[in-house]
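> structure for the following, please:
(chains A and B)
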Amino acid sequence: MTSALLSPESQDARHAAQSLLTPWAQGPAVADDLLLKIERFLRLEARLLDQELYRQWYDLLADDLFYWMPLRENRQRRDKRNEITPASVAFFDERKADIDLRLQRLESGMAWAEDPPTRHVYAITNVEAFETETADEFETHSVFTLYRNRSEHDDSTLMGRRRDLLRRVEGGFQIARRLILLPQAVLKTKNLSVFF
Amino acid sequence: MSLSAHDYMNLDEGWIDRRIFWEQAIYDRELERVFARSWLFVAHESQLAKPGDFLTTYMGEDAVIVSRAADRSIKVVLNSCPHRGNRVCFSDSGTTRSFVCNYHGWAFGLDGALKGMPEEHLYEATPGFDKKDWGLKPARVAAYKGLVFATFAEDAPSLDDYLGDFRWYLDAVLDAEEGGTEFLPGVTRSVMNCNWKFPADNFVGDIYHALWTHLGGAQPTLARHGGVIIDNEHSYQVSVNGHGWEFGTNMIGNAATMGDREILRYMKSRADAIEARLGTFRKNMWGSVASSTVFPNFAFLPGYFSFRVFHPKGPHKTELHAWTLVSASMPEDIKDRFRRGTMRTFSPGGILEMDDGENWEHSTQANAGHVTRQQRLCYGLAPKRAEGSGDLPGIVHRGQISDANQRAFYRRWAEMMEAKSWADLPLAPVSQSPVTAVAS
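A predicted model of the protein is given here:
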């Protein structure tokens, strides 16, 4: 698909997607005190999701958010095609307004698959952060483990990697871009009624 | 299974025995009599653009490779080496000239023919050994307007007869626009702990559930338009050979739940051209509130154009594979909007699909209970009325809310479970001349 034929908004998203696929960790590592602040931010975010404080979490998203969880495919090593491309169908390929739409489902009080609610535990580890060409924007890597339990035996563990572009704002950070890489080619849980 | 399949249901009385969703023996017979016998969806032609392109999928629980051969024909072969049985292809897709088994290095062509193996001379001392006898088992392959189907049943009727007059309806999504259709890149795969028939019967004729299951998911996009509304007067269920489609007649009802005005603007702009091509009736089907299953396990949603297969993985487990279909002629921006629109609604993270899997899992798992399993399920909802002598092909009912298509689906299921061969299976007559004019 030629991105030149897309709307300006979609072209921006393609650009954001490409930036998340470019070589990782090229800039200098951030100073330790900044890394600590970034880790605190990621822990705050995980706790808000644990507690279903979704609107508070939503406020941590930048207005120009690009939030992406591509599909994974089994390919032979000799296959030269890119496994992950922005033109492919994805699990999440979101702007901030799309996240709002998803929250409206939960807030409707009629999302039966979440009533009684799921119990979530997010663990965020392996945090690294690097300077980018833009001051106040940091390329941040982390590993998430999301344990979900609901009802009696409804239970899944999703683990994967995130590459974020965090933006420093007054009072903290915002998530400007997020790439979520789940290692599962076949999703081994019945839904993704979650955020990462 | 000692009982006759017909003992598990009385569709005139409107009930089905829950054991068909639970018991291993019934499931094993389904693999033999339903899946190994039906024409099963395996690919869209656009996924195999050039010779050497291949993808892997399943027919029932049989792993298969689907590929485009040098002569551009499409081949489907079992993905299992006839030497020790190992899988010969572990990629989901790719381009190749051959498949080489990791175990002993036996190499096969795209058509499944055994081309050679390491130290081939070792077989010189084996009387009667002939490489021709040891290829990957091929299936019969046929296509309808871009959709590729295959079957391992040598006695199955042609795909055209299998689909019969259902093809006339399929054209409403496969032939609406000049230039045919294509799948967007990427297949969404997910696992549900449910019997495969629950999603299949949902898509064949259950819009009723949308009035409750999808209230929450529809809220963000439909609330301002009055929520989920089904027009049971101006809507239909049609069924042919167990394939079924329930649909409204407002052209864009399903598409509207994606909440993208540009998609709706585009679809409305195409109305006159599609009407000239397909007539008013099928123009109105194009993106309406609707769902369909092609028997046994291939289904789609007009409007979102999400096409999916419910692969059986045991009596209590189903693997869902789903793609997004677009017209090849659509502007790139509209294709991209459909890509995101189907993801947002009908994918494992979609606001509508998320509440479906939950239902099917618990409809299945409840049957672990011996007493529970003995209570029949109600499939008795009658349609608004039969449309006996209309111009529409197939079995037609007015009103898209009823269990009529689901009963027809299970009637077909029971016929296939009973039949010893295709000679025992009835097929609806195919119209001699295509239906051209149908009143809206």
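
> so A:T125 is in which element?
According to DSSP states H and E, A:T125 maps onto strand A:119-131.

> list the buried residues for the helix or strand following that strand?
Next helix or strand after strand A:119-131 toward the C-terminus (DSSP H and E): strand A:137-150. Neighbour counts using 16 or more other C-beta atoms under 10 Å in any protein chain shown place A:E137, A:F138, A:E139, A:T140, A:H141, A:S142, A:F144, A:L146, A:R148, A:R150 of strand A:137-150 among the buried residues. Quick note: C-beta positions are derived from backbone N, CA and C, even for glycine.

> which residue, neighbours along the chain excluded, lies closest to B:V173?
Once flanking residues are discounted, B:V173 sits nearest to B:P302: 5.4 Å by C-beta to C-beta, 6 or more residues apart in numbering or on different chains.

> count of neighbours near the one you found?
B:P302 has 26 neighbouring residues, counting by other C-beta atoms under 10 Å in any protein chain shown.

> isn't it up against B:G287?
Yes. B:P302 sits in contact with B:G287 when judged by C-beta atoms under 8 Å, with a separation of 5.5 Å.

> what do those two both touch?
B:N254 (C-beta atoms under 8 Å, 6 or more residues apart in numbering or on different chains).

> got a pLDDT number for the residue of chain A positioned farthest from its centre?
Within chain A, A:R78 marks the point farthest from the mean C-alpha position, 29.1 Å out by C-alpha atoms, centre = their mean. Reading off the confidence values, A:R78 has pLDDT 94.

> neighbours of B:D111, just the number please.
Residue neighbour count, defined by other C-beta under 10 Å, stands at 17 for B:D111.

> again with A:V30
Neighbourhood size, A:V30 [other C-beta under 10 Å]: 18.

> tell me the secondary structure at the residue in the stretch 51-200 of chain B that chain A sits nearest to.
Proximity of the stretch 51-200 of chain B to chain A (C-beta to the nearest C-beta) peaks at B:G186, 3.3 Å away. What DSSP: H, G, I helix; E, B strand; the rest coil gives for B:G186 is coil.

> thought it was touching A:V89?
Yes. Contact criterion C-beta under 8 Å: B:G186 and A:V89 qualify, at 3.3 Å.

> out of the two, which sits in the busier spot?
A:V89 (23 against 20).

> can you tell me what sits against stretch B:411-424?
Residues outside stretch B:411-424 that contact it (C-beta under 8 Å, 6+ apart): B:4-6, B:8-9, B:11, B:20, B:26, B:29-30, B:33-34, B:37-38, B:153, B:155-157, B:197, B:241-242, B:295-296, B:425-426.

> any buried residues in that stretch, and which?
Neighbour counts over stretch B:411-424 (16+ other C-beta under 10 Å) mark B:R411, B:R412, B:W413, B:A414, B:E415, B:M416, B:M417, B:W422 as buried.

> now, which of those residues lie within helices?
Counted as lying in helices by DSSP state H, out of these, are B:R411, B:R412, B:W413, B:A414, B:E415, B:M416, B:M417.

> now the buried residues of strand A:137-150 in JSON lines, with distance to chain B and pLDDT?
Formatted as JSON lines, these follow (distance: C-beta to the nearest C-beta, whole Å; pLDDT from 0 to 100):
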{"residue": "A:E137", "distance to chain B": "25", "pLDDT": "98"}
{"residue": "A:F138", "distance to chain B": "27", "pLDDT": "98"}
{"residue": "A:E139", "distance to chain B": "25", "pLDDT": "98"}
{"residue": "A:T140", "distance to chain B": "23", "pLDDT": "98"}
{"residue": "A:H141", "distance to chain B": "23", "pLDDT": "98"}
{"residue": "A:S142", "distance to chain B": "20", "pLDDT": "98"}
{"residue": "A:F144", "distance to chain B": "15", "pLDDT": "98"}
{"residue": "A:L146", "distance to chain B": "13", "pLDDT": "97"}
{"residue": "A:R148", "distance to chain B": "13", "pLDDT": "95"}
{"residue": "A:R150", "distance to chain B": "9", "pLDDT": "93"}
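
> which of the helices and strands in chain B ranks last by mean pLDDT?
Within chain B, no helix or strand scores below strand B:385-386, which has a mean of 80 by mean pLDDT, DSSP states H and E.

> could you list every helix and strand in contact with that one?
Judged by 3 or more C-beta pairs under 8 Å, 6 or more residues apart in numbering or on different chains; DSSP states H and E, strand B:385-386 is in contact with strand B:395-398.

> mind checking how far the strand it packs on is from the chain centre?
Relative to its parent chain, strand B:395-398 has a centroid offset of 21 Å by C-alpha atoms, centre = their mean, to the nearest Å.

> in terms of secondary structure, what does the one helix or strand B:S190 maps to contact?
For B:S190, the host element (DSSP H and E) is strand B:188-192. In terms of contacts (3+ C-beta pairs under 8 Å, 6+ apart), strand B:188-192 is packed against strand B:318-327, helix B:354-365.

> which of these comes out lowest on mean pLDDT?
helix B:354-365 (a mean of 94).

> tell me where the stretch 101-250 of chain B has helices.
Per DSSP state H, counting those that start in this stretch, the stretch 101-250 of chain B carries helices over the ranges B:159-163, B:166-174, B:197-205, B:215-222.

> any idea of the mean pLDDT for the first one?
Just to be clear, that refers to helix B:159-163. Per-residue scores along helix B:159-163 average to 98.

> and the helices in the stretch 251-400 of chain B?
Applying DSSP H, counting those that start in this stretch to the stretch 251-400 of chain B gives helices spanning B:253-256, B:261-269, B:271-285, B:332-345, B:354-365, B:370-374.

> of the buried residues of stretch B:411-424, which pair is most distant in space?
B:R411 and B:W422 (16.6 Å; C-beta to C-beta).

> CA atoms only for the strand ranked longest in chain A, dumped as CSV, please.
Identified as the longest strand of chain A according to DSSP state E is strand A:154-169. What follows is strand A:154-169, C-alpha atoms only, in CSV (Å, rounded to 0.1, in the frame of the first residue of the first chain):
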residue,chain,number,x,y,z
ASP,A,154,-10.4,-17.9,33.2
ASP,A,155,-6.8,-17.1,33.3
SER,A,156,-4.1,-15.9,31.0
THR,A,157,-0.6,-14.6,31.1
LEU,A,158,0.6,-12.3,28.3
MET,A,159,4.2,-11.3,28.2
GLY,A,160,6.0,-9.1,25.7
ARG,A,161,8.1,-6.1,25.0
ARG,A,162,7.2,-2.4,24.5
ARG,A,163,9.1,0.3,22.8
ASP,A,164,7.7,3.7,23.7
LEU,A,165,8.4,7.3,22.8
LEU,A,166,7.8,9.2,26.1
ARG,A,167,7.5,12.9,26.1
ARG,A,168,8.4,15.0,29.1
VAL,A,169,5.6,17.4,30.1
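
> who are the packing partners of that strand?
In terms of contacts (3+ C-beta pairs under 8 Å, 6+ apart), strand A:154-169 is packed against helix A:8-21, strand A:137-150, strand A:172-181.

> and the second one with helix A:8-21, angle?
This means strand A:137-150. 90 degrees (axes from the mean of the first three to the mean of the last three C-alpha atoms, to 10 degrees).

> alpha carbons of strand A:137-150, as CSV, please.
The C-alpha trace of strand A:137-150 is given here as CSV (Å, rounded to 0.1, in the frame of the first residue of the first chain):
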residue,chain,number,x,y,z
GLU,A,137,11.4,12.8,24.0
PHE,A,138,12.9,9.5,25.2
GLU,A,139,13.0,6.1,23.6
THR,A,140,12.0,3.8,26.3
HIS,A,141,12.0,0.0,26.3
SER,A,142,10.3,-2.3,28.8
VAL,A,143,9.0,-5.8,29.3
PHE,A,144,5.5,-6.3,30.5
THR,A,145,3.9,-9.3,32.2
LEU,A,146,0.2,-9.1,32.3
TYR,A,147,-1.6,-11.8,34.4
ARG,A,148,-5.4,-11.8,34.1
ASN,A,149,-7.8,-13.9,36.0
ARG,A,150,-11.6,-13.8,35.8
